[in-house]
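K.L.:
Provided below for reference: sequence and predicted model.
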Amino acid sequence: MSRPRLLIFYDHFYPAYRAGGPVQSLVNFVRAMADTFDCYVVCRSHEAGSRETLPGVIPDQWINWEEKARVYYGSPSQQSPAQLRELIEEVQPDRVFINGIYSLYYNILPLRAALRYKDQHAGCIIVISARGMLLKGALAQKAFKKKIYLGLLRMLGWPARVQWHATDAAEAAAIRQQFGNNIHTGIAENFPNLLAPIPGPPKEAGNVVLGTIALIGPMKNHRKVLEALQQCHQSITWHIYGPVLDAPYWEDCQALIRQLPANIRVHYHGPVPPPQVPDVMKTFQVFIMPSQSENFGHALFEALSAGKPVITTDTTPFKNLQAATAGITLPAAQLPAGLATAITTFAEMNAPSFEEYVSGAGRHAQSRFDAVAVRDQYRKLFQL
């Protein structure tokens, strides 16, 4: 019996990585579900923030990806509503999986084309993954434009004609808050990267090496960390990795970096490709990312699985890390003062106390993920 055809839309797919967590989510999904679906992916031919064609990519044709999917890397010059309709008709999907809600060419126009296709193919199921974009913290960014757009979606009635994907109950509630309690919403967790333990620099009382791997913009709260570091008196090093999403925001951060006292050292290393993440994690002891909003937080999970205690906020899914001796979860309202206290706590730890958190971080990551259960969640989401 043939597998159902699943057509996936998102702006970026591997080898792109600079768009952050959603790319990793989709890559892991395709790898995990390739024996369930015949997967087809439609994405851009270039990296986020660039117009150069991705290495090894031939634009505007289907490419075999890892023997698990066929990927169509569309070039900007070929983008049109007609092309989208042609791709859908060519694939003849049983399921359409749209990731995100704001992109004109990879969310909005595919949704319109998929709904028209569904009118002619009643068995087709359309699933939209909100990818955290409807959570409170995310909606606060460019709030006026998003309010108008979401209101237009409601007027068109499109949200009621699809199945919505949330990664947890909080995101499901956020989707219903926007589009009504009668919206069809299913929960399926993301497939994370589960890393082996990665030792960092030896720990000594009185100092700590922090690390962050994340897009640089207001959502990830780099500035709050810098404000907290101004209050710390121990010897602290912070390694920052990730592409700059918001240049003015990063300029403000750089101004704060120049004002830091001599006991604080901050190093920015730029974006890091996913295969290099394990090597990067060797350079720090504690992962810090006090995000305003995360619907999953791949970087947080990867850090925990590698044995890196985490400092984050309760606006991520990683709540009450203290109870698991895996890190410190702070109320978002307590930034930056709470961050300064958390950083100081880890800086003052001796090696034996810190090792308890290293072990706790790894155990906590292992306990959070059940691959068989997550695969079943996706089968239910796509009504298989």
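P.N.:
Good, I have the coordinates.
K.L.:
pLDDT wise, what is M1 at?
P.N.:
Among the per-residue scores, M1 shows a pLDDT of 60.
K.L.:
same check on the one 3 residues further on?
P.N.:
Model confidence at P4, expressed as pLDDT, equals 97.
K.L.:
ok, it - contacts?
P.N.:
With contact taken as C-beta atoms under 8 Å, 6 or more residues apart in numbering, P4 is in contact with 36-38, 94-95, 382, 384. Just so you know, the C-beta spots here come from the backbone N, C-alpha and C atoms, and that holds for glycine as well.
K.L.:
let's see 10 Å
P.N.:
Under the criterion of C-beta atoms under 10 Å, 6 or more residues apart in numbering, the contact list for P4 reads 36-38, 93-95, 123-125, 382-384.
K.L.:
and what of A247?
P.N.:
When contacts are counted by C-beta under 10 Å, 6+ apart, A247 is found next to 216-217.
K.L.:
ok, I98 touching Y105?
P.N.:
No: counting by C-beta atoms under 10 Å, I98 stays clear of Y105, with 11.5 Å between them.
K.L.:
of the contacts of P4, keep whichever come out buried.
P.N.:
Buried by 16 or more other C-beta atoms under 10 Å: 37-38, 93-95, 124-125, 382, out of the contacts of P4.
K.L.:
narrow those residues to those in strands?
P.N.:
38, 95, 125 (DSSP state E).
K.L.:
thought the second one was touching V162?
P.N.:
Spelled out, that is R95. No: between R95 and V162 there is no contact, the gap being 11.1 Å when judged by C-beta under 10 Å.
K.L.:
shared neighbours of the two, anything?
P.N.:
The contact sets of R95 and V162 overlap at 114, 125-127 (C-beta under 10 Å, 6+ apart).
K.L.:
quick one: which of those residues is most hemmed in?
P.N.:
Highest neighbour count within the shared contacts of R95 and V162: A114, with 29 neighbours (other C-beta atoms under 10 Å).
K.L.:
got the contact list for that one?
P.N.:
7, 9, 84-85, 88, 93, 95-98, 121, 124-128, 158, 161-162.
K.L.:
how about the secondary structure of it?
P.N.:
Classification of A114 using DSSP: H, G, I helix; E, B strand; the rest coil returns helix.
K.L.:
burial count for the residue nearest to G20 when sequence neighbours are not counted?
P.N.:
Closest residue to G20 in three dimensions, ignoring its sequence neighbours and counting by C-beta to C-beta, 6 or more residues apart in numbering: L215, at 4.9 Å. Per other C-beta under 10 Å, the neighbour tally for L215 reads 19.
K.L.:
contacting residues around L215?
P.N.:
L215 makes contacts with 18-21, 48, 222, 242-246, 271, 299, as judged by C-beta under 10 Å, 6+ apart.
K.L.:
for stretch 57-65, buried residues please.
P.N.:
The neighbour-count criterion (16+ other C-beta under 10 Å) identifies 57, 59, 62, 65 as the buried residues of stretch 57-65.
K.L.:
so how far is that stretch off the chain centroid?
P.N.:
Chain-centre distance of stretch 57-65: 24 Å, with C-alpha atoms, centre = their mean, to the nearest Å.
K.L.:
let me see the ranges of the helices in the stretch 1-150 of the chain.
P.N.:
Remark: helices assigned in the stretch 1-150 of the chain by DSSP state H, counting those that start in this stretch are 21-33, 81-91, 109-120, 136-139, 143-156.
K.L.:
deepest in the core, which of those helices is it.
P.N.:
Taking mean count of other C-beta atoms under 10 Å as the contact definition, the stretch among the helices of the stretch 1-150 of the chain with the greatest mean neighbour count is helix 21-33, which reaches a mean of 21.
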